[in-house]
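Peer 1: Build me a model:
(chains A and B)
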Amino acid sequence: MSSDAPLKTTPLFEAHRKLGGKMVPFAGWHMPIQYAGVIQEHRTVREGVGVFDVSHMGEIEVRGLEAKAFLQALLTNDMDRLDDGGILYSLMCYEDGGVVDDLLVHRFEEEHYFLCVNASNTDKDFEWADRLAEEFDVQVDNISDRTAQLAVQGPKAEPLLQKLTDVSLSDLSYYRFLQGQVGGRKALIARTGYTGEDGFELYLDADAAVPVFDALFEAGREFDLQPIGLGARDTLRMEMGYALYGQEIGASQSPLEAGLGWVIKLNKVQPFSGQESLKNQKDKGISRKLVGVRLTQRGVPRSHYKVLHDGQPVGEVTSGTFSPSLNIGVALCNVPTAMSKVGTQLDIEIRNSVGAGEVVVLPFVPSRVKK
Amino acid sequence: MEVPKDLRYTREHEWLKVEGTKGVVGITHFAQDQLGDVVFVEAPAPGTELEQENTFGVVESVKTVSDLYAPVSGKVAAVNKDLEANPELVNKEPYGKGWMIEIELSDPGQAESLLSADDYEAYIKEQQG
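Peer 2: Numbering: from 1, shown residues only, chains lettered A, B, ... in the order given. Okay, the predicted model is just below:
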């Protein structure tokens, strides 16, 4: 992506402006970073319900007789774990084990899937997938431009969304999706999210974004639905310890160190890109690990700040923030495995001072996704 | 953006209100809006000597961190203790309860070197592009 390319806009660009959204450049898009304020928006999602425009996310459709075998070769997770209507979190890795992207695989049927990928990686992902596709009887399409995505998140997400659809949402489990109508428009309704709260991600035709967004606010009045920006999306995901591409994971970082071994099925029968390297890494032993550090005094840790143990630098912060739920600084840090035990004292160099902290259990805040 | 006429301003978005030999310092409405939710303010202890244009503290918001610059030289006479428990006062009342420090001015004439309200208003318009 060249930095001088004009920024893309989602179908909701004008709607964000009307709602007072502060628009910023993000991954090549004009996106709302906040409306009322990050802390208030964060609390709205933890306590009520909020809606995020995440139409910048990429969508890649995969169809064909060998669609499943293709995804087995492309992705680290095991497609045998998916049935129709199922969703799986997976990584896509380079041969050296570095991460191309992290994504969600949605299975319509054995020969038809779609992937939801990071906005900043969409073109790269598509090229990577399309190159491998030459070896399979499969068709890969980048449908990002004609697809909009809204995330409706929070404990009141289900009663709100149920007002707009005939699909029985209480029967929809976590990491499952259904096709139905939302506000009279065709939608793919997935019980997923990036907040740690119950909620849904809706995939829509681009021209349905505005009417569905409006319908959500109309139906959401009784639930005090609020628009939520990318700022709160980041604080919400950090409280959950969820990895973000470019921070916890990337082309030159080991996903095993990031604690993502659970989506890397090294014993899959069909070989996949990165399998050999990741197997080697695992056999040699992982010397570093991603941990959650909670400060015990005020201060806000941020990406690339140094992590100290007994005054010596031992790693760095991959993501850090002020946690609106805990009212204190929290950080995801890459540190030596020997220092990853809960209770270990790890300090963070915050500019000219040192913020004392300790390793805590992740997530920082209990997840309340639907079980 | 609110820019009170009776204050003086820096290009780093602090304001100064001169009251006799003392000056009260905070950050502007524009600054708090750019920062977003302020989560804490690190201010110097009373008695600290400040040099004009040098940093005197830090303001941390959820999104970012920013240095605070002394608009004038002098000794810190008071620090706003309310910000410890309620840093959001900086967002809610940047020119009132969100003040940060009070300085005993070592050279009251220095205030004249700062931007007037009109000049500051023109300056932030430029910043916004």
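Peer 1: what about the helices in chain B?
Peer 2: B:29-35, B:82-85, B:89-92, B:117-128 (DSSP state H).
Peer 1: nearest to A:Pro159, of those helices?
Peer 2: A:Pro159 sits nearest to helix B:89-92 of all the helices of chain B, at 32.0 Å, using CB to CB. All C-beta spots, glycine's among them, are computed from the backbone N, C-alpha and C.
Peer 1: returning to what we had before: of the helices of chain B, give the one that comes closest to A:Met23.
Peer 2: helix B:117-128 (12.6 Å).
Peer 1: can you list contacts of the closest one?
Peer 2: B:1, B:3-7, B:9, B:11, B:13, B:28, B:30, B:115 (CB atoms under 8 Å, 6 or more residues apart in numbering or on different chains).
Peer 1: on that earlier part again, redo the helices of chain B as CSV? Include mean neighbour count and mean pLDDT.
Peer 2: Shown next, in CSV, are the helices of chain B (neighbours: other CB atoms under 10 Å in any protein chain shown; pLDDT from 0 to 100):
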stretch, mean neighbour count, mean pLDDT
helix B:29-35, 20, 96
helix B:82-85, 14, 96
helix B:89-92, 20, 98
helix B:117-128, 14, 93
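Peer 1: Flag every residue of chain B that's near chain A.
Peer 2: Counting by CB under 8 Å from any CB of the partner chain, the residues of chain B close to chain A are B:36-37, B:39-40, B:58, B:60, B:62-63, B:65, B:88, B:91.
Peer 1: again, only using 6 Å
Peer 2: B:36-37, B:39-40, B:60, B:62 (CB under 6 Å from any CB of the partner chain).
Peer 1: how about those, which pair is most distant?
Peer 2: B:Gly36 and B:Phe40 (13.4 Å).
Peer 1: Just the closest of the residues of chain B next to chain A to A:Val24, please.
Peer 2: B:Gly36 (11.0 Å).
Peer 1: Got the confidence number for that closest one?
Peer 2: pLDDT, B:Gly36: 95.
Peer 1: What distance do you get for A:Asn36 to A:Gly20?
Peer 2: In this structure residue A:36 is Ala, not Asn. 8 Å (CB to CB, to the nearest Å).
Peer 1: Neighbour count for the two, which is higher?
Peer 2: A:Ala36 (17 against 11; other CB atoms under 10 Å in any protein chain shown).
Peer 1: Dihedrals phi and psi, the residue nearest to that one when sequence neighbours are not counted?
Peer 2: In space, A:Ala36 comes closest to A:Gln226 once its chain neighbours are excluded; the distance is 6.9 Å by CB to CB, 6 or more residues apart in numbering or on different chains. The phi/psi pair for A:Gln226 (degrees, to the nearest 10) reads phi -130, psi 150.
Peer 1: interface residues of the stretch 151-300 of chain A facing chain B?
Peer 2: A:298, A:300.
Peer 1: Show me where the stretch 151-300 of chain A has its helices.
Peer 2: Assigned by DSSP state H, counting those that start in this stretch, the helices in the stretch 151-300 of chain A fall at A:157-162, A:209-219, A:230-240, A:275-284.
Peer 1: among those helices, which is nearest A:Leu65?
Peer 2: It is, among the helices of the stretch 151-300 of chain A and with distance given as CB to CB, helix A:275-284, at 23.4 Å.
Peer 1: Render the CA-only coordinates of the least confident helix or strand in chain B by mean pLDDT in CSV, please.
Peer 2: Using mean pLDDT, DSSP states H and E, the weakest-scoring helix or strand in chain B turns out to be helix B:117-128, at a mean of 93. Output of helix B:117-128 as CSV, limited to C-alpha atoms (Å, rounded to 0.1, in the frame of the first residue of the first chain):
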residue,chain,number,x,y,z
ALA,B,117,-6.0,34.8,21.9
ASP,B,118,-6.5,36.0,18.3
ASP,B,119,-3.0,34.9,17.2
TYR,B,120,-3.5,31.5,18.9
GLU,B,121,-6.9,31.1,17.2
ALA,B,122,-5.3,31.7,13.8
TYR,B,123,-2.5,29.3,14.7
ILE,B,124,-4.8,26.4,15.5
LYS,B,125,-6.8,27.0,12.3
GLU,B,126,-3.6,26.6,10.5
GLN,B,127,-2.8,23.4,12.4
GLN,B,128,-6.1,21.9,11.5
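Peer 1: Spatially central residue for the chain, please.
Peer 2: You didn't pick a chain, so chain A it is. A:Tyr194 (5.1 Å; CA atoms, centre = their mean).
Peer 1: Oops, wrong one, chain B.
Peer 2: Central residue of chain B (CA atoms, centre = their mean): B:Gly26, at 2.6 Å.
Peer 1: beta partners of that one?
Peer 2: Going by DSSP bridges, B:Gly26 is paired in beta bridges with B:Trp15.
Peer 1: which residues touch it?
Peer 2: Contact partners of B:Gly26, counting by CB atoms under 6 Å, 6 or more residues apart in numbering or on different chains, are B:15, B:94, B:98-100.
Peer 1: repeat that for 7 Å
Peer 2: B:14-15, B:94-95, B:98-100 (CB atoms under 7 Å, 6 or more residues apart in numbering or on different chains).
Peer 1: Any figure for the gap between it and chain A?
Peer 2: 19 Å (CB to the nearest CB, to the nearest Å).
Peer 1: which one of the helices of the stretch 151-300 of chain A lies closest to A:Glu95?
Peer 2: Short answer: helix A:275-284, nearest of the helices of the stretch 151-300 of chain A by CB to CB, at 6.5 Å.
Peer 1: Could I get the average pLDDT for that closest one?
Peer 2: Per-residue scores along helix A:275-284 average to 97.
Peer 1: May I see the buried residues of that helix?
Peer 2: A:275, A:277-278, A:281 (16 or more other CB atoms under 10 Å in any protein chain shown).
Peer 1: Out of those, the closest to A:Gln253 would be?
Peer 2: Distance to A:Gln253 across those (CB to CB) is lowest for A:Gln281, with 11.5 Å.
Peer 1: my guess is that closest one contacts A:Pro255, does it?
Peer 2: No. Between A:Gln281 and A:Pro255 there is no contact under CB atoms under 7 Å: 9.2 Å.
Peer 1: What count of nearby residues applies to the spatially closest residue to A:Val24 that is not a sequence neighbour?
Peer 2: Once flanking residues are discounted, A:Val24 sits nearest to A:Ile33: 4.6 Å by CB to CB, 6+ apart. Neighbourhood size, A:Ile33 [other CB under 10 Å]: 19.
Peer 1: from the chain's centre, how far out does stretch B:49-65 sit?
Peer 2: Mean-position distance between stretch B:49-65 and its chain equals 9 Å (CA atoms, centre = their mean, to the nearest Å).
Peer 1: No further queries at this time; thank you.
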